[in-house]
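S.K.: Need a 3D model of the sequence below.
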Amino acid sequence: MAGSELTASDALRAWLDHLAHERRLSPRTLEAYGHIGRLYVAFLERHRGETLSLKDMGTITAAEVRAHMAERRSGDHPLAARSLSQSLSAIRGFHAFLDRRLDTPAPQLALVRGPKVKPSLPRPVSEDQARGLLAEPDADPDAEPWEAARDRAVLTLLYGCGLRISEAMSLTRADAPLGETLRIVGKGSKTRIAPILPAVRAAVDAYLALLPFPLQPSDALFRARRGGPLSPRHVQASVQRLRGRLGLPERTTPHALRHSFATHLLGAGADLRSIQELLGHASLSTTQKYTGVDADRLLTAYAAAHPRA
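M.R.: Sure thing, here's the model as predicted:
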């Protein structure tokens, strides 16, 4: 199909295909971008009263983009400023693809400013809370011993190596027993090397010793009760249950253990560049958020302990 015959929806599909196969974004991110793109194209076609062609996408005005943002800010499910900013970022990415790959720039887009978003700090748990969470699966009366060992191993990986849930769930039987380091493929297929602490290695070994299912080298390492691969949702539900028993705050989530890994390393004197590499962040600015968390912790401790505070 010639470029002049492409519709806006065709162009959107081409962009998503590019993100999937060239950028190799995760299915969840692709789903989010596809949803944003479809809403955007549908709004423009309603606004103009016709099906848009690729050529029409180059005539989009700043006013039309602002009107779309205003619509998404209102209604039954209004977007918060952060979500609105992410939506606009995806739209910019779509138009950048149209410009670079399909020779269809939209110069008016440069006139659209996103909403002001107050940067949020990661919300880690304390070292004592993290240790309590890692120990609690062994006290779960409803779990089989191998399930308790599995949950402890997963949580120890998240806290001890700074893994995302998806990264822990992507480990296979061939990855264990763990060695001194572990090769992790993270967001955007970026590879990093995670050092393995003895406590992490021991937790995974204990799980494997009790696992009742035989596994092939390519099988997912962590298994559910009936033998299938463990899902991220199970890990989230498990942490929710454990934090309830321990009386921990709602911010105690699996991802909070990754935040805690970084914050506690920083507090112990690790440098930002090393933490960036351990977390697999593409940009140092992402890692720098943890300096704000550590500063807050120090100020809180100062206020509590200093006689003149």
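S.K.: Can you get me a residue count around residue 155?
M.R.: When counting by other CB atoms under 10 Å, one arrives at 24 neighbours for residue 155. (C-beta placed from N, C-alpha, C; glycine too.)
S.K.: Report the secondary structure state of it.
M.R.: helix (DSSP: H, G, I helix; E, B strand; the rest coil).
S.K.: Residue 132 is in contact with that one, correct?
M.R.: No. Using CB atoms under 8 Å, residue 155 is not in contact with residue 132; the gap is 10.8 Å.
S.K.: mind listing the helices for the stretch 101-250 of the chain?
M.R.: Using DSSP state H, counting those that start in this stretch, the helices of the stretch 101-250 of the chain run over 127-135, 145-161, 165-169, 198-210, 232-246.
S.K.: Give me whichever of those is most buried.
M.R.: helix 145-161 (a mean of 24; mean count of other CB atoms under 10 Å).
S.K.: helices or strands next to that one in the packing?
M.R.: Counting contacts by 3 or more CB pairs under 8 Å, 6 or more residues apart in numbering; DSSP states H and E, helix 145-161 packs against helix 127-135, helix 165-169, helix 198-210, helix 232-246, helix 254-267.
S.K.: Give me the buried stretch members for the helix or strand containing residue 94, please.
M.R.: Using DSSP states H and E, residue 94 maps to helix 81-102. Residues 84-88, 90-95, 97-99, 102 are the ones in helix 81-102 that count as buried (16 or more other CB atoms under 10 Å).
S.K.: Find the residue closest to residue 200 in space, skipping its chain neighbours.
M.R.: Closest residue to residue 200 apart from its sequence neighbours, by CB to CB, 6 or more residues apart in numbering: residue 160 at 4.1 Å.
S.K.: From what I see, the one you found and residue 258 are in contact.
M.R.: No. The criterion here is CB under 8 Å, and residue 160 misses it with residue 258 at 10.5 Å.
S.K.: Where does residue 11 sit: helix, strand or coil?
M.R.: Residue 11 - assigned by three-state DSSP - is helix.
S.K.: Look up the closest residue to it, ignoring the ones flanking it.
M.R.: Nearest non-adjacent residue to residue 11 (CB to CB, 6+ apart): residue 54, at 5.1 Å.
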